[in-house]
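**Student:** Coordinates for the following, if possible.
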Amino acid sequence: MGIEILRGNEFRKALLSGIIKVQDLREELNRINVFPVPDGDTGTNLAETLNGGLRVLLESANLKLCEIIRRFSEALLFSAKGNSGTIISQFFLGLAEWVKGKDSLTTAEFADALLNAKNVVYDSLENPVEGTIITVIRECADFAQEIRESIRDFRIFFKRLHHKAEEVLKRTPEMLPKLREKKVVDAGAYGFVLLIRGIMEYIEGKRVETVHELPANSAKIIEEEKIEHRYCTEAVVKADGLDKKKLALLLGTLGSSLLIAGAGGLFKIHIHTNWPQKVFEILKEKGTVLKQKIDDMLEMNIFARKKKFGIVVDSSADIPLEISQEYGIHIIPLQILIGDKTFIDGIDIDRSQVLEKLVYEKVKITTSQPDYGTIEKTIKEGLSKNQNLLVISLSSKLSGTYNSIRIVSSKYPNVTLFDSRSLSLGIALQALRAAEKFQDGYEIQEVIDHLRNIQRKSLFVLTLDTVKYLIRSGRVSNLKGGLADFLGIKPIISISSDGTLENIGKALGIRHSLSKIKKILKHRLNPYQIYDFGVAFCGEQPLVEELETFIKANFRYRKIIKNEIGPLLSVYAGPGAFGVVAVPVY
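**Tutor:** A predicted model of the protein is given here:
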């Protein structure tokens, strides 16, 4: 059965699939990055640009297609990095402009939206250079016009579009001598092809793969060369009535690779220049500079290298997106089994879908540790960016995940595995602490010693609004759990020093549970000690705000991280669950 109408949620998931493709091969894109400057960052820039829209996509399941694309395009405008990243942001701005007010699209309408996106991209460029990402965008948009009426099934439409993109990509070396000399295709163009490939594969119903192997010849093509304009200069400017053509004339004399993206009062400017401060002075005269960045491309060209230490967690950590992005924390996804289908935690199923199936459908839902292939791919990805890795896993007493990671990581001498003896934000706070210690110059063993020390002095308390989801998963007997639910008893659970769950109390009603948690915190935490707190919750839970207020009023804290429990743990906790973790700071 064909797909003749593309709606918001389908396109949202397809975009996520496309972003994963770019993320997976960003190191290959960095490797072949030789134009306009061989600074080895095109893959990173594209991945980070698209990552800027991830939170929008993850939180937009119930929005109209036009609203999803609008929010996504606005997020990209702020996160756009590098020449290709800025062009990608402009492409989605053009899509958003055309689909305004639409709930869904036909292939003909999508073709027209692509045409508008192409025009917006070209209008933003001072000197369009063919043989780059813009060539693939242009030829794909023109080709879509040719097939807009004859092909109405999106599965076939995207397959043909991807085939066209691949064909154009192969021709990019013919258009740019530098590509031909190095025998590579354009990195930005390849990134756009990967985005289309991921979208196509999702629409075709293929399983989303999380990481791909890099080619055997993965040495970066980064050579020291004379760079005419040293600084990649970027800014986000708020300015009503900005004349883009006049601004282009002013800035054009200061450098090359000028791109002015945006509309409606918000603009992203990208330029390679030797006078970044002059660029900012001009922009400040035109409006308000909301964000600015300068990258020394000469330094990037000469000193491109791996970080000394990196961190990996599994997806049960529920680590907030902004923390994982800021510290480059890699995530091994666990699996969720619904009926006879397997889903990847947080990738091809989100928490809202899990909760919906838990509450409204009677299908059996359970979880599974990651397979060895997924673990190894994540470790290899981490090692492509870091000399050493610290993997912090879900408590070995709660899952076989730790043992699976141990088996795989034992093959890599520069990978160290650490048992968090915790779950959810307890893992996330340990990962954050490790990242901070590495930045402070700590070595692996020093970080492990620190984590073991704070484990002994940490506290994790959780309560459930109902135990019926634990019953359904087989973790609690039907008789005991059913009686507890019938009587309105809410269990209060903690994590012992060895990483096992223990029932430390019960309450009649969820508000009584909050009162008990407050008493436990007051009793067990040192009022003179500074803590990092994590507040985790599942679905809507109004008592979370009251819990946060209580923490602020009664304890000394450095950070309070709030995050919803992810898809995996939602299977057991169920809606209404909430808890707190406290980790001492020293």
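
**Student:** what sits against the closest residue to residue 315 other than its chain neighbours?
**Tutor:** Nearest residue to residue 315, sequence neighbours excluded (CB to CB, 6 or more residues apart in numbering): residue 345, at 4.3 Å. From N, CA and C alone the C-beta is placed, and that goes for glycine too. Counting by CB atoms under 8 Å, 6 or more residues apart in numbering, residue 345 touches 315, 316, 333, 334, 335, 336, 367, 566, 567, 568.

**Student:** Let me know whether my guess that residue 152 is in a strand holds.
**Tutor:** No - Residue 152 is assigned coil when assessed by DSSP: H, G, I helix; E, B strand; the rest coil, not a strand.

**Student:** any idea of the pLDDT on it?
**Tutor:** Note for residue 152: predicted pLDDT of 95.

**Student:** Tell me, how many residues neighbour it?
**Tutor:** 16 (other CB atoms under 10 Å).

**Student:** Kindly report the same for residue 327.
**Tutor:** Residue 327: 17 neighbours (other CB under 10 Å).

**Student:** Enumerate every residue touching the closest residue to it other than its chain neighbours.
**Tutor:** Among residues not flanking residue 327 along the chain, residue 435 sits closest, at 4.0 Å (CB to CB, 6+ apart). By CB under 8 Å, 6+ apart, the residues touching residue 435 are 311, 327, 329.

**Student:** Surely the second one is in contact with residue 432?
**Tutor:** Yes - between residue 327 and residue 432 there is a contact under CB atoms under 8 Å: 7.2 Å.

**Student:** Contacts only, for residue 444.
**Tutor:** 309, 388, 390, 416.

**Student:** does residue 411 sit in a helix, a strand or a coil?
**Tutor:** coil.

**Student:** That one: neighbour count?
**Tutor:** With other CB under 10 Å as criterion, residue 411 counts 9.

**Student:** what ranges of the stretch 151-300 of the chain fall below the confidence cut-off?
**Tutor:** 207-227, 263-264, 297-300 (pLDDT under 70).

**Student:** Could you give me the buried positions within stretch 390-406?
**Tutor:** Of the residues in stretch 390-406, those buried by neighbour count under the rule 16 or more other CB atoms under 10 Å are 390-396, 398-399, 401-402, 404-405.

**Student:** Switch these over to a markdown table; also include distance to residue 360, secondary structure and pLDDT.
**Tutor:** Shown next, in a markdown table, are these (distance: CB to CB, whole Å; DSSP: H, G, I helix; E, B strand; the rest coil; pLDDT from 0 to 100):
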| residue | distance to residue 360 | secondary structure | pLDDT |
| --- | --- | --- | --- |
| 390 | 40 | strand | 97 |
| 391 | 36 | strand | 98 |
| 392 | 35 | strand | 98 |
| 393 | 32 | strand | 96 |
| 394 | 28 | coil | 94 |
| 395 | 31 | coil | 94 |
| 396 | 34 | coil | 94 |
| 398 | 27 | coil | 89 |
| 399 | 27 | coil | 88 |
| 401 | 29 | helix | 93 |
| 402 | 33 | helix | 95 |
| 404 | 32 | helix | 95 |
| 405 | 34 | helix | 96 |
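
**Student:** which one among the residues you listed gets closest to residue 524?
**Tutor:** Nearest to residue 524 among those is residue 395, at 19.1 Å by CB to CB.

**Student:** mean confidence score for stretch 4-20?
**Tutor:** 92.

**Student:** Which residues belonging to that stretch are considered buried?
**Tutor:** 6, 8-20.

**Student:** Ok, stretch 410-424 next?
**Tutor:** 412, 415, 416, 417, 418, 419, 420, 421, 422, 423, 424.
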